[in-house]
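In: sharing a sequence plus its predicted fold:
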Amino acid sequence: MQSPVVFGYIKPSILFPTRFLRNMDKNRVKNVLLHEMCHIKRHDILVNYIWMLAKAIHWFNPLVWIAYKMYQDDVELCCDQMVVNHLNEHLSENERLEYG
């Protein structure tokens, strides 16, 4: 694992690799934590379970794999946008630009 991930749906946990935490300052860790909390708020774990089922059933269909990749990209952009919107309300422009 190279970056933080959310694990579990009923009792979600955010897992941070030790190497990742060693190389980050407090501000970046806070922003990454906000991003991962957005995944929890949006119930992305549950939707990922549904995608895993779809990929298992349609493992032979390249369109399912392409759609899943596009979904993943959209989810990450959406969570980033949610964090930026939150930062707009609470932080200076420099801190928002740093996250972006």
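Out: Cool, got the structure. Residues are numbered from 1 along each chain as shown.

In: which helices and strands does the lengthiest helix in the chain pack with?
Out: Using DSSP state H, we find that the single longest helix of the chain is helix 62-90. Under the contact definition 3 or more Cβ pairs under 8 Å, 6 or more residues apart in numbering; DSSP states H and E, helix 62-90 sits against helix 26-41, helix 44-57, helix 93-99. Glycine gets a C-beta too; all of them are placed from N, C-alpha and C.

In: out of those, nearest to V83?
Out: V83 sits nearest to helix 26-41 of all the helices and strands packed on helix 62-90, at 4.8 Å, using Cβ to Cβ.

In: and the closest one with helix 44-57, angle?
Out: 60 degrees (axes from the mean of the first three to the mean of the last three Cα atoms, to 10 degrees).

In: for helix 26-41, packing partners?
Out: strand 5-7, strand 13-15, helix 62-90, helix 93-99.

In: go through the ones you listed and name the closest to V47.
Out: Short answer: helix 62-90, nearest of these by Cβ to Cβ, at 8.0 Å.

In: between the helices and strands packed on helix 26-41, which one is closest to H35.
Out: helix 62-90 (5.2 Å).
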